[in-house]
Every structure is written in structure tokens, then in C-alpha cells.
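Q: Structural data only, the sequence is not supplied:
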């Protein structure tokens, strides 16, 4: 006691129709610190933040701001009290300018209140951008900016509301390593100004890099809370999942079989060039590199989403051409996209419909949903341990990890020779990640050739047999498992010379 | 964002229909007679056939505003062909083929150039009307003789249009429920990117849906003219509105991905019953339109409201959470 807290959530309880989502959760946040909230998806982090942001009303407990008890009525009220939230999915209007987005909802008026005083908007916006060290024209459209630039703008917008508590929900999930550095610099700057930051993340490395305090939530309860120094990676994970996961990466030794895929001088106009690569049966080949290095583009060419313009693709020793997505699928080359919501699931359809969608395009049956199909889908849903009450459940209602498993099931319905996984664990919690890794390992064991694309180097180091690193559309390095190191990978990823 | 597909829930249309039939039975004793019910079905048959094509397109995230004028054009041409050849099959097939041509053009422009269906089919409304008025010089085609059997004949005691409507309903039900083509439509309407990534040939599927909608419009036009006993170039205008209303009341999501054939049939019945009872109790035609529009708005609002207060089941690992969303 005695310590001064910026904001305090005391014994917060929230019920949803009789189910307790939050059970006496208490968090105390000191001024000018980064307080990280960790927990699996569904642990109650988002619910808690929504209460803090005024979207939900708690059933019990109280909130203290600067030592005074407050009621937060709605998000506008939260904003007025100095609480700002940077959402995982950024909310901005792409076709409007930077200045309009900054002042949306509070345009300075002129003589007539309902008219926008554009001169004033321009002046304030320029002043503001300059003050924050950003060199954009205020009239630039938001859609011309990158994700991280927009994110930075969102943060600035929050600061411009004189926010003293900023909630960041997985801010690094869609930005490059370099941009992460910029974000962390900004966070340090915010701390200096006395702003408290509530940080939500699944990435262990960054949690330990920037946190001052950590609170672990599990099943809607506070498990522990304290200075970041009190935790290690292992204890943190153990407290998050409530059991000890000895090794996050369940890598199995699999005997590497014959060659399945070979690329010779493969290129696609302006995206990547001269890619040489070999993948064997049972092998997990990691593909590393910064965002924009051409990894997803390479995967897109292999899976028929984009055309190749040079080079050759050999499948099981025979040269093939991949003309379209369905031609790739027919030949057994399959890509699991990094963007599950856009390219993976059809939210309004059932688990079953999603699972048989791709197989429908291949089989020669006249009707969809034959008994054989349903049986096969049911088997896979069980095998992959998808938690769903029935096959008829709308997939939208499943958690991210379970949705991802259904997408995997969709592809495993087919005869898969090469499986390309593009960031398969993005936005998925530790427990589900572990399961996905196990599935990947099993697939390799069954003779599948796996290409694993990931921005998390530890994930690649944990799962891959060998690793290719890309930079600016070229392969800049290849590492055997024995040579794996974070430093070497980064060196290649930023374009270091071949060893 | 493709979230929050708004559509009337499964049972909403059945409830509306039941309530309306109950009210109608109380309001007018002649409502619940066999003859009157058959009348209602016959009256809705043409719009329903058009609505089935519309339903498939809307499930696929598309739209066809040209079904009404397409029906008028194809149906009138079918009359002309019948007078020239005297062959009913030739005339019917001509009507359907012309409808298919219109559907093909719609589908081609939409899929080839990624043009918005709303604009393309709105333009097609103008084009089809223009063509038939140009050809007939705005004159009606009379003396169609035996052509009227399709619209006015009976099989046993059931009017032929009702039989055709039910057959089409069965076919569309099978397409949507069982056939791959139908399931692809749901996937495309639900999330086109995911459909593409799953290997579905989206353009060819949508093309087929537009053609089907055109064929059904052509068939609807043939029956329409047959019932009217003449080829009336101006008769189809506005029918697309009724077809759309039937589709929406029947629970098809306007953003795609959700909808059924039976729902559309029920939606059409709702409109049919409404028209019928208003006429029986002598509501003036213009007031009928106001009431029809009001009903749709009420249905949609009630449904959205009831969904807001409904429990949303979320599954978080093995726990089933329910929340008000």
C-alpha cells in the first residue's frame, strides 16, 4: 500500500448469461509504466479491456482513476477520462486524409458550429505531426500509409486526446521487425511523458523487453501479478496455460525421404527472383525474412495464386506448371494463408461446409456432402481435436485456434504432397499453438513436405529442419538445423552476404 | 468486413406467414377457402420463379435488377414466335433462351470486368425494355391462341403455373442444398477470397448463376404473357421488386452467404397473402403498396432487434460461453 496507482481495477466481475467471464480480477497500474496483460485467448483479457473502455459494464468491482472511483459509461466517456484503446484491427477510414482521421468526431468549427474550419484543421494537424516527428502531408490519404504508419498515427491520435492510459491490443501482430523497434521507441517516449500503457501480447520476447509489470489472467481470474523481473519465460507460460509445457516446440525426429519439391531459378516479375530450393518428404523447411521479403509471394506462386515468370518447378522429379489455384490443389500443393479470416474461413457457413469446400472442387462426385465426405471430415475434426459441439456449428463461433484447425482439416481432406504454411500460428494462443505444431510434426511424419513461413524466428528454429532466409525477393542464406541462430538469420534477413 | 450478415432468421418468415394467415382468416371468411388459397399460389407463381433466380444470385453476393424487364422482353418475343410457328415448345424455349442471353451478358460484364452487379443489371433493365419496345413499337401482341394454356390451364384441379413453380422450387432446393454449384454460391457469398483460395472457380460459378437467373426470368415471362392472354412489353416492370421482397422476407442475406429456396417460397407466400387479403377487404391499391413496404421494414427491424437480444454462443476451448452481443 501507499504506492500511487494511475489506474486500479478492483475485484472486477463480469457474467455473461450466467457464465462467469471475469472473476474478481484486480490489476494495479503504476503511472508511466508498461503493464503487460498475458493469458490465453478466451482468458478474459479482451473482456477486461472492454470494461475499461466502457463497452461493457462490470457486474461487480470498481475502477479507480488517480485514486478516485469512477464509472466509465461508454467509449466516449473513457476517452474523456484519458483512456484510449489502440485496437488490433485499426479503425480508420482509408479514403479520408490524415488530418480528417485525426480530427474525426471533433472537427474544430468556425463561425458556424456545423461547418468545418479547414484552415484550423490543417494548422493543428501539421503542428501535431511535426511535434511527433512524422513527416507526412496532412492531406495524404490514410490508405497510402502502411499498417505500422497507421498504427503510429492511431497512437498519436490517442496522445492528442491527452490520453494518460493507452491500451494496446497485440500491436505488433502485423508489422515488421524494424517497425516494432519504432513502436517500442514510441512507447518509451510515452512512458517519459507519464503515460501508462496496458500492453497485450502473445510474444514472449517482446513481453520481457518492454514490460515493467506483468499480470497473468487465466479462466477469468488473476493468477499472479508483479514486476516483470519476477517471471521467466517458462514460469509465465506455465501460469498462462495452467500446466507446464516443457518444450513449446514438439519437434520430432523424422527420417527425411525422397525429394518432393525442387525449385530452379524460380521468379515472378518484381516480386522475387532466382529462387532455388529443395524440399523432401518428411522435411519441414523454414522460410524466414522480414515482411515484404517475398516469402508470401513465393508461396503464392507455388500455390497458383500468382503466376511464375521464370524458372522451373519440379514435383517428385517431374517438371510441372501451376496455372491456377485449382491446378496447384489438384497436384497436391497447398497453402494455408496467413490471413485466416480473409482467405481461410467462410464465417457464416458451418464447420462441415468449410471443411469440405476444397475437396468439392476436386472429387468427381455429383453432389456435395456425400456420406464419405462427411465421415472423412468428421474423422479429421476429431483427429485434429477441434473443439466444436457439432459439425453444423457456424465456424464464426469457434475460437481462432479451432478455426485454424478446421482450415487445416479442409486441406488435409486432399492428398497433400507439399503443404505451405504461411504464419500458421498468428494470433493464436500458446496452448493452441502447441497443438498446431504437433499437427505439423505429424504431417511431416506421414511424409508430407512442409514449408513453414514465419516471422517468429524462435518458431522456425524450434520446428524446421533447415531454413532459407529471404531478403528483397532473393534467397540470401540457407541454414542447417545445427547452424540455426537468431543472429545469423537476422543478418541474412537484412541482406547480409552469403556465408 | 464481411461480418454481421443481416438476414431474417430461419423461423421469422414462417411466423410472419402464420400470423398473417391468422389475421386474414379473421378479417375475411372467404380467405381460408381452397379456391382462394389456390388463387394466391397462382398469383405468386411468376414472381416466385423470378425470385428463385434472384435467391441464388443474392446468396452468391450478386444481384439481378433486370429479371422483371427480361421477363417482359423474353415473354413477348415468345408470343411472337408462337404466332409465327404455332409450336408451344419452340415458343417456350425461345423465351428461356432469350432470358439466358440476357443473363449471360449480365454475368459476362460482371465477372469479366468486375463491374458492380447493381449497375450492370440496372442498365440491362433499360436495354431489355428498349429492345422489346423497339421491336413491337410499343404495341401489345394479341391473338396468342393456345399459348395461354401454360398460364391458364389446369392439371387436374391445380393450375399449371403452380406446378411449374413447385418443380422449379424443388430444383433450386436441390441445387442449393445438395449440388456443388449451390454450395459454391454460399461460399462465394460468404467470403469470396476464401472461396478463391479453396480452388473454387468463382467466375464460372457466378456466370452460371446469372444464366440460371436469366432462364428463370424467361420462363416467368412466358407464363406471365400466357396468363395475360397477350404479349405486353410493359408488363414486367417492377416485378424484380416483388422478387427481391420475397427473397428478403424469405431469409436470404443481402450480403450473401445465407438463404434457402423454401424460405423464398414462404417469402413469396407472405407477399401473396398480403396482396390477397388487402384486395379482399378492399384496401385501395396505392395504400397496399405503402403497407407492403411498411411490412418489410417492420420485419427487418423486429428481426435485427430480436437478434441483438439473443444469446450468442461462443466456444472458448471447451467452455461454452454465452454473451449478449
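A: Structure's in. What do you need? Given the structure is predicted, the values throughout are model-derived calculations rather than measurements.

Q: where in the stretch 201-325 of chain B is pLDDT low?
A: Of all residues in the stretch 201-325 of chain B, those with pLDDT under 70 make up the ranges B:306-325.

Q: meant to ask about chain A, not that
A: A:1-3, A:17-19, A:41-42, A:88-91, A:110-111, A:243-247, A:496-499.

Q: Could you break it into its assigned domains?
A: A:7-95+A:141-241, A:259-493 (automatic domain parsing).

Q: and those as TSV, adding mean neighbour count and distance to chain B?
A: For every residue, glycine as well, the C-beta is placed using N, CA and C. Output for the domains of chain A, formatted as TSV (neighbours: other CB atoms under 10 Å in any protein chain shown; distance: least, CB to the nearest CB, whole Å):
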stretch	mean neighbour count	distance to chain B
domain A:7-95+A:141-241	18	3
domain A:259-493	20	4
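
Q: Show me the one of these that comes nearest residue B:192.
A: Residue B:192 lies closest, by CB to CB, to one member of the domains of chain A: domain A:259-493, at 9.1 Å.

Q: Check the offset of the closest one from the chain's centre.
A: Offset of domain A:259-493 from its chain centre (CA atoms, centre = their mean, to the nearest Å): 16 Å.

Q: same check, this time on stretch A:147-166
A: So, by CA atoms, centre = their mean, the centroid of stretch A:147-166 is 20 Å from its chain's centroid.

Q: got it, and stretch A:123-135?
A: 30 Å.

Q: gap between the nearest residue to residue B:143 once chain neighbours are set aside and chain A?
A: Here the nearest residue to residue B:143 in space, its sequence neighbours aside, is residue B:83; by CB to CB, 6 or more residues apart in numbering or on different chains that works out to 7.0 Å. According to CB to the nearest CB, to the nearest Å, residue B:83 and chain A sit 40 Å apart.

Q: Output the contacting helices and strands for the host helix or strand of residue B:83.
A: For residue B:83, the host element (DSSP states H and E) is helix B:67-85. If contacts are counted by 3 or more CB pairs under 8 Å, 6 or more residues apart in numbering or on different chains; DSSP states H and E, helix B:67-85 sits against helix B:34-59, helix B:88-113, helix B:117-136, helix B:202-228, helix B:239-249.

Q: got the residues of the stretch 51-200 of chain B near chain A?
A: Contact residues, the stretch 51-200 of chain B versus chain A (CB under 8 Å from any CB of the partner chain): B:178-180, B:182-184, B:186-187, B:190-191, B:193-200.

Q: Just the buried subset of those residues, written out for ChimeraX, thanks.
A: Per 16 or more other CB atoms under 10 Å in any protein chain shown, the buried members of these correspond to this ChimeraX selection:
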select /B:179,180,182,183,184,186,187,190,191,193,194,195,196,197,198,199,200
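
Q: was I right about residue A:280 contacting residue A:447?
A: No - with contacts counted by CB atoms under 8 Å, residue A:280 stays clear of residue A:447, the gap being 9.7 Å.

Q: Could you name every residue contacting both of the two?
A: residue A:257 (CB atoms under 8 Å, 6 or more residues apart in numbering or on different chains).

Q: Fine by me, thanks again.
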